[in-house]
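Visitor: below are the sequence and a predicted model for it; my questions follow.
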Amino acid sequence: MTNEVEMKNGNSPVGVGEMTSADYYKDHYAHFAIHEEMLKDDVRTRAYMNSIIRNKHLFRNKVVLDIGCGTGMMSLFAASAGAKKVIGIDMSAIVERAKDIVKENDLDDVITIIKGKVEEVELPDGIEKVDVIISEWMGYCLFYETMLPTVIYARDRWLVEGGIIMPDSASLYFSAVEDRNYKEQKVNFWDNVYGFDMSVMKEIVVKEPLIDSCDPKQLVSKRALVKTVDLYTVKLEDLTFETEFSLKAMRNDYIHGLIAYFTVEFTKCKQKIKISTAPHEEYTHWKQTIFYLKDVITVCKGEDMKINVKMTPNLENKKDLLIKLKVDFDGKRGSLNEENTYVLK
Ligand code: SAH
């Protein structure tokens, strides 16, 4: 999300039509496929659409800022909901298409698309304040490649006192899972590869969390709320945090890993609208994030595992999200003390 568009010929940006694979590497949001995936994530896009279209009272005659507008989807919703002015900003070359899309839909009198980094642009027509900020900033495990610092920046610079942010609340949850089959395939696979011992690979494999869907039947513990972000008040320094929580086993089983997932809410809507990426909810492209443990825990129903989590997003490159998990468990049929540092790259 942070990669800047490659500039050819001095300052003129490369047009989407003439981009090479190297250009796409630097500006992966310029490629249509990533937008197709996001737009086809019906849980995601519909939640934004309903929050906007079904809440016209929040948009009528308002000035709306769409942060990281991509193809302009949210800007189009906002204009349809009666906004007076919509400004969509994106630093990717995809904005060229967004401009065409806005024109094709006869909304260029309401929507202005600006190309640039939110942190470096000025709003058009001398606009200094906006009434509503919309952004789809969530990454894997909520905080990976996060655009949240960009939303915070825009909020502090442009949001009018009493203005609205959509969505305005985000929560991160952890749970424990039984996942023997998949752990066998992904981790223990390296124990014997065509007769050779490649188990040294396991160390690096375990360190990288997996983005995948978990069957809700694999959930062994109740969920624990680990972090809530209030978009109106969150500060940059809140994004690095350490906290302790416990996970209570719901049945006798084995635990091979922990999973993280998140929810975001649009609390200012008439009817609260929520996106949930939990395993028992409808599929989203965020899936869940799985952290395998080196060892297996044998738990009995009702027992608690104590977990300490430290999350450190890399605010420089916005990639590499560091997650340190310390698991302390002392049960009737087993015990485990493990500390692992995972990196989501
Ligand atoms: N709002 C669109 C796209 C969301 S993807 C939709 O929901 O379909 C996030 C977009 O934010 C990407 O297109 C990316 O290029 C853009 N982006 C990320 N950080 C940005 C920044 N600092 N300034 C401008 N655009 C940014």
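Guide: Thanks, I have it.
Visitor: in stretch 81-91, what's buried?
Guide: 81-83, 85-91 (16 or more other Cβ atoms under 10 Å). Just so you know, the C-beta spots here come from the backbone N, C-alpha and C atoms, and that holds for glycine as well.
Visitor: got it, and stretch 236-255?
Guide: 239, 241, 245, 247-249, 253, 255.
Visitor: just put those in a markdown table and tack on secondary structure, distance to the ligand and pLDDT.
Guide: Below are those laid out as a markdown table (DSSP: H, G, I helix; E, B strand; the rest coil; distance: Cβ to the nearest ligand atom, whole Å; pLDDT from 0 to 100):
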| residue | secondary structure | distance to the ligand | pLDDT |
| --- | --- | --- | --- |
| 239 | helix | 15 | 94 |
| 241 | strand | 22 | 97 |
| 245 | strand | 30 | 98 |
| 247 | strand | 32 | 98 |
| 248 | strand | 36 | 98 |
| 249 | strand | 38 | 98 |
| 253 | strand | 38 | 98 |
| 255 | strand | 34 | 97 |
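Visitor: so what's the residue of the chain found nearest the ligand up against?
Guide: Nearest residue of the chain to the ligand (Cβ to the nearest ligand atom) works out as residue 68 at 2.2 Å. Residues counted as contacts of residue 68 (Cβ atoms under 8 Å, 6 or more residues apart in numbering) are 1, 89-90, 118, 135-137, 147, 150.
Visitor: can we see that at 7 Å?
Guide: Contacts here follow Cβ atoms under 7 Å, 6 or more residues apart in numbering; on that basis residue 68 touches 90, 135-137, 147.
Visitor: quick one: residue 296 and residue 254 touch, right?
Guide: Yes - counting by Cβ atoms under 7 Å, residue 296 does reach residue 254; the two are 5.2 Å apart.
Visitor: quick check, pLDDT for residue 315.
Guide: For residue 315, the pLDDT comes out at 74.
Visitor: surely it touches residue 149?
Guide: Yes - between residue 315 and residue 149 there is a contact at 6.2 Å, judged by Cβ under 7 Å.
Visitor: with neighbour numbers in mind, choose between these two.
Guide: Taking neighbours as other Cβ atoms under 10 Å, residue 315 and residue 149 compare with residue 149 leading, 19 against 14.
Visitor: three-state assignment of the more buried one?
Guide: helix (DSSP: H, G, I helix; E, B strand; the rest coil).
Visitor: the ligand contacts on this protein?
Guide: Taking Cβ under 6 Å from any ligand atom as the contact definition, the chain meets the ligand at 1, 29, 35, 38-39, 68-71, 73-74, 89-92, 94, 117-119, 136, 147, 150.
Visitor: restricted to strands, list the buried residues of stretch 81-91.
Guide: The members of those that map onto strands under DSSP state E are 85-90.
Visitor: residues contacting residue 301?
Guide: With contact set as Cβ under 7 Å, 6+ apart, residue 301 has these partners: 249-252.
Visitor: which residues touch stretch 155-175?
Guide: Residues from elsewhere that reach stretch 155-175 (Cβ under 7 Å, 6+ apart): 51, 58, 65, 123, 129-134, 138, 142, 219, 221, 223-232, 245, 247, 258-268, 307.
Visitor: identify the residue nearest residue 219 in space, chain neighbours excluded?
Guide: Excluding the flanking residues, the one nearest residue 219 by Cβ to Cβ, 6 or more residues apart in numbering is residue 175, at 5.5 Å.
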